[in-house]
Each structure stands twice: as structure tokens, then as C-alpha cells.
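# Take a look and give me a structure for this.
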Amino acid sequence: MFRATLPRCLPKTLLLRSRHASTLSASQLKGETVGVCVSGGLDSRTVSSKLKDVGATVMGFCADLDQPDEENIMDVKTKMAPCGVETFIVDLKDDIADMAFDVLRAQARYDGGYWNTTGLARAVTVRGLLDEMVKQGCTVLSHGATGRGNDQIRFERYTNVLSPDMKVYAPWRDPELLVQFPGRKQMAEYLQSKGIEAEVGAKKRYSTDANLAGLSHEAEDLEFLTTSSRIVTPLMTCWPEDAPDKVEKCTVVFNMGRAVSINGKTLSPLEAMRTANEIGGRNGLGLSNALENRVIGTKSRGVYEAPGMELLGYCLAQVYQTVLDKRSSELFWSLSRFVSNQIYDGRYFDPSTSAAMTAIDSLASRAEGKVTVSLYKGTVYVDSIEEVPHSLYVEEFASMEADEGEEEGLNPSSAQGFVEVQRCEAIALSKAGHITERRPQYKP
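Numbers count the residues shown, from 1 in each chain. Predicted coordinates:
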């Protein structure tokens with residue numbers, strides 16, 4: 001049944017690999033060199049130790065994404081050392097900043113209107129860690145995503161498209177590990193039995209995933225819709241009432257849809273993201289609550305923080321409004337939705353995404369200008385949009401006042417013909433029975 005769903009042109013070896021890829025278990029990894037994506041937590045140490053027990057050569061790999069919840073990313077090496085696992089910290093700070101700029105340029109917000117920061121981080125993480133894993137001779141990538149969420153799809157699809165010969169092991173879909181480690185208590189006991197210090201720790205009200213572009217808080221108490229989003233203690237931003245009781249002004253300059261300076265200082269993408277996070281964060285920007293549609297078909301709830309993305313994205317949107325004509329704008333926003341879905345679904349490197357981004361880059365090529373905004377307790381107000389050489393906004397055309405007789409001005413009398421054309425269509429629709437008068441159906 002399964003083979004029949006695959007294209008007949010696929011080689012037999014790929015058919016077999018596709019058939020068995022999802023059934024890979026720990027006991028089958030003896031003799032393999034496994035690159036484990038690690039955080040230094042209980043799960044990472046348990047999986048790494050278990051794989052060593054079954055005879056695999058194990059290496060740890062961790063992405064440095066400028067995570068705001070990590071005081072020192074090098075602590076991961078220290079945490080993994082008692083397991084006898086060499087851990088490589090891969091510096092991807094510039095990569096995550098560049099990817100954040102791609103998302104900003106595409107205005108790629110996902111379901112519920114939040115910035116797609118976790119999805120973009122997975123693309124950067126897998127690409128960056130795979131490069132190092134291949135260099136170190138790894139034959140298998142192991143990730144810690146559960147079988148209930150999006151990340152399993154993202155980790156495995158990105159591995160498949162970027163390094164098709166690399167096998168993928170998903171420990172938390174492996175029946176062997178699920179039986180042996182039904183909970184954190186069993187993981188801690190297992191590590192302690194090997195002389196590795198481990199504690200279950202107090203139960204958290206929610207879990208957090210962080211990177212330079214933003215944070216996502218989900219699971220545990222947040223799974224209940226009766227639980228307020230305000231149980232979250234923001235790490236990158238603040239609740240509006242905790243922001244300063246004064247307005248802060250900020251000026252951002254854009255070139256081809258990329259922020260090139262903030263408050264008069266020329267900055268790299270990494271520097272711009274850090275600066276925007278600081279400014280937006282202290283003013284309570286970028287907090288959102290979303291009930292999103294997962295890749296696997298279920299809904300999940302998350303509370304998100306992305307102060308820098310919100311600040312830069314809002315300012316860039318003002319430039320887009322200034323330079324895009326109606327049809328270009330409609331095309332842009334359709335491409336934006338497409339790219340957002342692609343990133344969320346783990347398809348950033350697909351050819352269709354590349355084509356969409358090429359089109360977005362073309363539309364963004366004239367997105368140049370300076371935007372000044374006022375920030376106050378979670379809200380952004382536009383002060384000015386200046387130095388936009390490709391602006392389509394012409395004050396004389398927009399004015400309701402009579403023009404001074406310039407030949408290029410808008411003559412109100414010229415609108416008569418346009419109104420008559422619209423009248424003909426309206427009358428035709430009405431007389432042909434195409435118009436149904438709609439009235440509210442609600443009855444108290």
C-alpha cells in the first residue's frame with residue numbers, strides 16, 4: 001500500500017529508506033555516528049546516554065541563536081560533559097538575524113497575526129547544525145521534538161531536503177524510549193544510576209522556546225483557554241502597564257526592505273535586531289496570544305514575544321504602504337501569506353518559497369525611506385514617513401482642496417466618466433437579479 005503512493009521513478013534504495021525512516025529505533029543505531037540536537041536539559045542527556053548504551057557514537061550539537069533565555073550558551077557543553085558527549089556550539093547568530101530580515105521583508109506573520117519566529121529558527125538551526133554534523137562525520141541526526149507538534153515535521157523535512165543521505169532519529173516517537181522513559185522521573189533515575197547528576201525540578205506553568213527574533217510560550221497551564229495569557233513573565237518585552245509612563249521616539253531607515261539604521265546609527269542585521277529588541281521590549285511591544293493551526297491538523301495555543309520584529313515590521317509596513325500600488329500590494333500580501341505558511345510548515349527551502357521570496361524582493365526593491373514612530377505602552381504611532389524616493393503618495397492628488405491649476409493635478413470633473421461606468425455595472429447587476437439585499441439575521 002505505501003509503495004504504491006510513491007513515484008515509480010524513485011530508486012529502490014530510496015523506496016526502502018522512505019518506508020522504514022519513521023520506524024528507526026535506538027537499538028538500530030549501533031555503530032552509527034549520531035549527532036544529537038541538545039540543549040543540556042534532562043531530555044538531551046537522557047537520549048545521549050541511551051544512544052551510547054546501545055553502541056552508537058554520540059556527539060552533541062547546539063545552535064547559538066542569541067537566545068535571550070540563555071545567559072551563557074557555553075553552559076550547554078558543561079551540562080553535556082558528564083554524559084561523555086563532546087558538544088559543538090554552532091554560531092548561527094548572523095544567520096538567524098538574516099532570516100529574521102527575510103521574514104520582516106515578507107511581513108510573514110502566521111495564524112493569529114504573530115511573527116513566525118519559531119518556524120524561522122528551525123530552518124536556521126537545521127541548516128547550520130547539519131553543516132557541522134556532516135563535517136564531524138555524523139550519519140544520523142537526532143532531534144528532541146515530540147510526536148504531537150510541528151517541530152518533528154520541520155526538523156525532519158529540513159534534514160531530508162538539505163542532506164537527503166542523513167538518517168533521522170526521533171527518540172520521542174521511538175516505542176522503546178517511550179516505554180523506558182514515560183516521564184521525567186524515570187529519566188532522572190536513569191541518569192542517576194549512571195552517576196550523572198539529574199533532578200526532575202519543579203513543574204513549570206509553561207515551556208519557552210527562544211531565539212534572537214522572539215520567544216514562544218506554550219503547553220502546561222497555557223493549554224487551557226481559561227488560563228490567562230498574563231501568567232507569562234515576559235523575557236524580551238514587558239506587559240504594557242510595566243512600560244515607562246512616557247513616549248519614546250524611534251527612527252528607522254530602510255533600503256530595499258531592510259533596516260539599515262536605527263536612530264541615526266548604521267547597523268548590521270544582528271545589531272539592528274538586538275537594538276530593536278531593546279527599544280521595543282522596554283516599551284511593551286510584540287506580545288500576542290494565538291490559537292494557531294498546526295501542521296499536523298490540531299490547534300495549539302501560544303503566547304509570543306517579538307518586540308524587535310514588531311517595531312521593525314510596523315515601520316517597514318509604512319514604507320510598503322507608501323510605495324506599493326493597489327495591485328502590487330494585493331500581490332505582496334498574497335505572497336506574504338504564502339511565505340508565512342511555508343515557513344511554518346518547514347518548507348522555507350522549497351523552490352516555491354524561493355520563487356515567492358524572489359517576487360517579494362522585487363516588490364521590496366523600492367521600499368526605501370525613513371520612518372519615525374512614537375512608542376507608548378505597547379502601542380506604536382506614526383510620526384512621519386520621509387525620504388521615500390519611490391513614494392506614490394502625491395499630496396496634491398490626495399488633497400480635498402481645489403488644486404492650483406497644475407496640469408498634472410486631479411480634476412474633479414474627470415471623475416464623471418468613471419462614476420458613469422460604475423453606474424452601468426451596478427444597474428446591470430441589479431436588473432439581472434444578482435443583488436441580494438442583506439440584513440442582519442440576529443434576533444434577541
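# rest of the way, CA atoms for contacts and neighbours
Noted.
# Could I get the phi/psi values of residue 393?
Per-residue torsions, residue 393: phi -80, psi 120 (degrees, to the nearest 10).
# OK, contacts around it?
Residue 393 is in contact with 322, 323, counting by C-alpha atoms under 8 Å, 6 or more residues apart in numbering.
# just so I have it, where are all the strands in the stretch 301-444 of the chain?
Under the criterion DSSP state E, counting those that start in this stretch, the stretch 301-444 of the chain contains strands at 369-376, 379-386.
# Between those, which one is closest to residue 53.
Residue 53 sits nearest to strand 379-386 of all these, at 53.8 Å, using C-alpha to C-alpha.
# List the buried residues for that closest one?
Using 16 or more other C-alpha atoms under 10 Å as the burial criterion, the residues of strand 379-386 that qualify are 380, 385.
# Show me the helices in the stretch 301-444 of the chain, by range?
Listed in chain order, the helices of the stretch 301-444 of the chain (DSSP state H, counting those that start in this stretch) span residues 307-323, 326-344, 351-364, 395-398, 415-431.
# swap that for the stretch 51-200 of the chain, sorry
So, for the stretch 51-200 of the chain - with DSSP H, counting those that start in this stretch - the helices run 75-80, 93-106, 117-135, 151-162, 175-180, 184-193.
# In this protein, where is pLDDT below threshold?
When residues are selected by pLDDT under 70, those of the chain lie in 1-23, 399-410, 438, 441-444.
# Now with 80, please.
When residues are selected by pLDDT under 80, those of the chain lie in 1-23, 201, 396-415, 437-444.
# before we move on, back to that, for the strands of the stretch 301-444 of the chain, could you give me TSV that also reports distance to residue 236?
Below are the strands of the stretch 301-444 of the chain laid out as TSV (distance: least, C-alpha to C-alpha, whole Å):
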stretch	distance to residue 236
strand 369-376	16
strand 379-386	16
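# picking that back up, compare the helices of the stretch 301-444 of the chain and report which one is nearest to residue 157.
Closest to residue 157 of the helices of the stretch 301-444 of the chain, according to C-alpha to C-alpha: helix 326-344, at 11.6 Å.
# how far out from the middle of the chain is that closest one?
How far helix 326-344 lies from its chain's middle: 15 Å, per C-alpha atoms, centre = their mean, to the nearest Å.
# which helices and strands does it pack with?
Judged by 3 or more C-alpha pairs under 8 Å, 6 or more residues apart in numbering; DSSP states H and E, helix 326-344 is in contact with helix 93-106, strand 109-110, helix 117-135, helix 351-364.
# export the ones you listed to CSV and tack on distance to residue 35 and mean neighbour count?
Converted to CSV, these look like this (distance: least, C-alpha to C-alpha, whole Å; neighbours: other C-alpha atoms under 10 Å):
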stretch, distance to residue 35, mean neighbour count
helix 93-106, 21, 22
strand 109-110, 31, 22
helix 117-135, 6, 21
helix 351-364, 27, 17
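# export the ones you listed to CSV and tack on distance to residue 318?
Listed next are those as CSV, based on distance: least, C-alpha to C-alpha, whole Å:
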stretch, distance to residue 318
helix 93-106, 12
strand 109-110, 16
helix 117-135, 21
helix 351-364, 12
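# What is the burial count for residue 337?
Using other C-alpha atoms under 10 Å, residue 337 has 16 neighbouring residues.
# ok, and the closest non-adjacent residue to it?
Closest residue to residue 337 apart from its sequence neighbours, by C-alpha to C-alpha, 6 or more residues apart in numbering: residue 108 at 6.5 Å.
# does that neighbour really touch residue 339, like I thought?
Yes. Between residue 108 and residue 339 there is a contact under C-alpha atoms under 8 Å: 6.4 Å.
# ok, residue 128 - contacts?
Contacts of residue 128 (C-alpha under 8 Å, 6+ apart): 63, 90, 92.
# By neighbours, which of those wins?
Sorting these by how many neighbours each has (other C-alpha under 10 Å) puts residue 63 first, at 23 neighbours.
# do you know how far it is from residue 177?
Separation of residue 63 from residue 177 (C-alpha to C-alpha, to the nearest Å) stands at 25 Å.
# before we move on, back to that, what's the closest of the helices of the stretch 51-200 of the chain to residue 305?
Minimum separation from residue 305 across these (C-alpha to C-alpha) falls at helix 117-135, 9.1 Å.
# Okay, strands next: where are they in the stretch 151-300 of the chain?
Taking DSSP E, counting those that start in this stretch as the criterion, the stretch 151-300 of the chain carries its strands at 167-169, 207-211, 214-218, 248-255, 258-262, 265-266, 287-293, 299-305.
# roughly how far apart are residue 347 and residue 306?
Using C-alpha to C-alpha, residue 347 is found at 22 Å from residue 306.
# More neighbours: which of the two?
Legend: neighbour count by other C-alpha under 10 Å for residue 347 and residue 306, higher for residue 306 (28 against 22).
# Let me know whether the more buried one touches residue 287 as I believe.
Yes. If you go by C-alpha under 8 Å, residue 306 and residue 287 touch, sitting 6.7 Å apart.
# and the spatially closest residue to residue 301 that is not a sequence neighbour, how many neighbours does it have?
Excluding its sequence neighbours, the residue lying closest to residue 301 (C-alpha to C-alpha, 6+ apart) is residue 291, at 4.5 Å. Per other C-alpha under 10 Å, the neighbour tally for residue 291 reads 13.
# Contacts only, for residue 291.
The neighbourhood of residue 291, defined by C-alpha under 8 Å, 6+ apart, consists of 111, 112, 299, 300, 301, 302.
# What of residue 380?
By C-alpha under 8 Å, 6+ apart, residue 380 lies in contact with 311, 373, 374.
# quick one: which of those is most hemmed in?
In terms of neighbours by other C-alpha under 10 Å, those top out with residue 311 at 24 neighbours.
# how much space between it and residue 184?
Residue 311 sits 39 Å away from residue 184, going by C-alpha to C-alpha.
# Residue 144 contacts residue 45, doesn't it?
No. The criterion here is C-alpha under 8 Å, and residue 144 misses it with residue 45 at 10.9 Å.
# Those two - which one has more neighbours?
Higher neighbour count among residue 144 and residue 45: residue 45, with 26 against 20, using other C-alpha under 10 Å.
# returning to that earlier point: what residues do residue 144 and residue 45 have in common as contacts?
With C-alpha under 8 Å, 6+ apart as the test, residue 144 and residue 45 both reach residue 38.
# Buried among the contacts of residue 291? Make that a ChimeraX selection.
Command for ChimeraX that selects the buried part of the contacts of residue 291, burial taken from 16+ other C-alpha under 10 Å:
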select :111,301,302
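# Pick the one among the contacts of residue 291 closest to residue 385.
Among those, and counting by C-alpha to C-alpha, the member closest to residue 385 is residue 112, at 27.6 Å.
# Could you pull up phi and psi at the closest one?
Per-residue torsions, residue 112: phi 90, psi 0 (degrees, to the nearest 10).
# Give me the nearest residue to it, chain neighbours excluded.
Here the residue nearest residue 112, using C-alpha to C-alpha, 6+ apart, is residue 290, at 4.9 Å.
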